[in-house]
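Peer 1: Would you be able to build a 3D model of this:
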Amino acid sequence: MIENGLYGAPPRELVEISPHALQLSPLVPGAQPLETLADAALDDLIMLAPPGTDERAFALAHGLRALKPGAPFTILAPKDRGGSRLAKELKGFGADFSETSRHHHRICTGTRPETLEGLDTAIARGSLRFDEKLGLWTQPGIFSWNRMDPGSAALLDILPPLSGRGADFGSGLGILAKHVLTSKDVTQLDLYDIDRRAVEASRRNIEDPRVAAHWADIRMGTLPSGLDFVVMNPPFHDAGNENRTLGQVFIRRASAALRKGGVLWLTANRHLPYEAPLRDVFSRVEPRGEIAGFKLFEARK
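Peer 2: Numbers count the residues shown, from 1 in each chain. Predicted coordinates:
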């Protein structure tokens, strides 16, 4: 059986994608982890290369490793999100390819050579590791993977002790969750993130029987109901572009997951228009100040 590998969501006008392609991206819940594929498992590979330098090195190395020698690949990226460096990086692996430009993307097409160079170094650059400064397990590509996100830090400054059953939507490395769990009155906490790497890191960062971490897209699927609280620092970028509707969907989903009287604690960039969406689905919305360019809300259902 031919195994067509697909990493991410390349623009359909730039590449032809098999409907049977095996999705390999950590940002698509349920996808096959690229790094778990055996050597020479794929007959071809289409990859929208990720933007981060170390993250991209990791993905390229594992993608080429998983291809059969002589198998074709198409690897592309927007010029301003890694595309301008793709050719140099592929040459570093010893790959043979041609490069074209279309619709602000650089597109490299070629075949995997018999022998690849520099795989171990590239994989090490992008692998899960313990960050001494953060005191957390993390991995390049995860949101705010090597620094404390200021939005989360702002919420931590004002978050009171919580109690009962709750959830962290867009939980990342588990920074908010670790703080929430300092309250012994919290009986259960579910973590949800669209990034498999973040879920795996958070499972290492939080060893607590009250916690369950889920690889899931908040925008779809089944979420818990009757919760006492939700905390969140919702995303507002999708595929690198600002998307204000993301946070609005998170707000609606949080309201649906809460019991009557349940509370949402939210941090958001000051420019994001979340006040109206909050008032649409919560009976009481209280601004809790602004810290370092972030506004904070407590909303009661």
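Peer 1: which phi and psi does the most centrally placed residue in the chain have?
Peer 2: Most central in the chain under Cα atoms, centre = their mean is Asp195, positioned 3.4 Å from the mean C-alpha point. Dihedral pair for Asp195: phi -100, psi 110, per degrees, to the nearest 10.
Peer 1: Give me the distance between it and Pro50.
Peer 2: To Pro50, Asp195 is 11 Å away according to Cβ to Cβ, to the nearest Å. The way it works is simple: take the backbone N, C-alpha and C, and place the C-beta from them, glycine included.
Peer 1: Quick check: neighbours shared by those two?
Peer 2: Here Asp195 and Pro50 share the contacting residues Gly141, scored by Cβ atoms under 8 Å, 6 or more residues apart in numbering.
Peer 1: Which residues belonging to whichever helix or strand Arg288 is part of are considered buried?
Peer 2: Secondary structure from DSSP states H and E places Arg288 in strand 284-291. By 16 or more other Cβ atoms under 10 Å, the buried positions in strand 284-291 come out as Val285, Arg288, Ile291.
Peer 1: any chance of these in JSON lines, plus distance to Arg219 and pLDDT?
Peer 2: Listed next are the buried residues of strand 284-291 as JSON lines, based on distance: Cβ to Cβ, whole Å; pLDDT from 0 to 100:
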{"residue": "Val285", "distance to Arg219": "22", "pLDDT": "97"}
{"residue": "Arg288", "distance to Arg219": "26", "pLDDT": "94"}
{"residue": "Ile291", "distance to Arg219": "27", "pLDDT": "89"}
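Peer 1: Of these, which is the nearest to Lys68?
Peer 2: Nearest to Lys68 among those: Ile291, at 52.6 Å, using Cβ to Cβ.
Peer 1: what about the strands in the stretch 51-200 of the chain?
Peer 2: 72-78, 96-102, 105-111, 129-131, 136-138, 164-169, 186-193 (DSSP state E, counting those that start in this stretch).
Peer 1: packing partners for the first one?
Peer 2: Right, the one you point to is strand 72-78. With contacts taken as 3 or more Cβ pairs under 8 Å, 6 or more residues apart in numbering; DSSP states H and E, strand 72-78 sits against strand 44-48, helix 53-66, helix 83-92, strand 105-111.
Peer 1: contacts for that strand?
Peer 2: Contacts of strand 72-78 (Cβ under 8 Å, 6+ apart): 10, 14-15, 44-51, 56, 60, 63-64, 67, 83, 86, 90, 95, 97, 104-112, 240.
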